[in-house]
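Student: Return atomic coordinates for the entry below.
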Amino acid sequence: MTTAPVRPQILAFDIFGTVVDWHGSIAREVEALGLLTSPAASASMTPADFARAWRAGYRPAMDRVMSGELGWTRIDDLHRMILDELLDRHGLALDEAGRAHLNRAWHRLAPWPDSVEGLSRLKRGYTLCTLSNGNLGLLANMAKHAGLPWDLILSAEVFRAYKPHPDTYLGVAEVFEVAPEEVMLVAAHQDDLDAARRCGLKTAYIERPHEFGEDVPKAVDGSPDNDLHCTSLIDLADRLGA
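Tutor: Residues are numbered from 1 along each chain as shown. This next block holds a predicted model:
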């Protein structure tokens, strides 16, 4: 007798790149500041380049925490460390008030066009939570700004471990008191989904070909090991009958 597959109860969402457009949002904020129009700015660096360079420091900064070189550090503080280094490296002048304002641009990221509709539909039949390396205050402010209808905000800050540490994925199941297979991670990053699957979670890949900007298209092949492969969060809602 074949056992029917377990239907997920909890949908846990990666945020940066999956639900919100970090690249376009950051590039617009940098352009609005006129940061790269100063005489000291490199003529070859665009706001899009700056956004990608800022994001590129994200993983190495988290690795410093996970290796023990740094103590537990919120993403807000890691973002600020990366920003300060980036500004100094390129000789870009920005006062403390400007740096603090720009650093909080990560709280103001815009959702992808399909995100709010897709999440609103999914919420009718599933419990929705974040599972992001972003800190709690950042994620709460972003949800308010972008109209993201989470049932619960979960963060690496809760588990004191960054993804892909197993404590983050298994922590979702523990919070909701369900089996890991009753949680589905929704993400646009295959490494995140692979780590979740190793912990027993179901996985749904979301295509975000312009995560790094339209000028730097991203491969969106995903993996055949994912339970679902979707073109958008609206497509995910369709596939899950929401």
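
Student: And the biggest helix by length in the chain, what's buried?
Tutor: If you go by DSSP state H, the chain has its longest helix at helix 75-89. With burial defined by 16 or more other Cβ atoms under 10 Å, the residues of helix 75-89 counted as buried are 75-76, 78-83, 87. C-beta here means a position set from N, CA and C on the backbone, and glycine is covered the same way.

Student: now swap in stretch 204-222 and tell me
Tutor: Those would be 204-208, 210-213, 220, 222, for stretch 204-222 by 16+ other Cβ under 10 Å.

Student: One more: stretch 193-206?
Tutor: 193, 195-197, 199, 201-206.

Student: and it, what's its mean pLDDT?
Tutor: Averaging pLDDT along stretch 193-206 yields 98.

Student: First residue to last residue on it, what's the distance there?
Tutor: 10 Å (Cα to Cα, to the nearest Å).

Student: The lowest-mean-pLDDT helix or strand in the chain packs against which elements?
Tutor: Every helix and strand of the chain was ranked by mean pLDDT, DSSP states H and E. The lowest is helix 58-66, at a mean of 88. Contacts defined by 3 or more Cβ pairs under 8 Å, 6 or more residues apart in numbering; DSSP states H and E place helix 58-66 against helix 75-89.

Student: Could you dump the buried residues of stretch 204-222 into TSV with distance to Phe159 and secondary structure added?
Tutor: Listed next are the buried residues of stretch 204-222 as TSV, based on distance: Cβ to Cβ, whole Å; DSSP: H, G, I helix; E, B strand; the rest coil:
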residue	distance to Phe159	secondary structure
Ala204	21	strand
Tyr205	23	strand
Ile206	23	strand
Glu207	28	coil
Arg208	25	coil
His210	30	coil
Glu211	25	coil
Phe212	27	coil
Gly213	31	coil
Val220	28	coil
Gly222	26	coil
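
Student: hang on, the earlier thing: roughly how far is the least confident helix or strand of the chain from the heart of the chain?
Tutor: Relative to its chain's centre, helix 58-66 lies at 15 Å (Cα atoms, centre = their mean, to the nearest Å).

Student: if we can go back for a sec, heading C-terminal from the longest helix of the chain, find the next helix or strand.
Tutor: The C-terminal neighbour of helix 75-89 among helices and strands, as given by DSSP states H and E, is helix 96-103.
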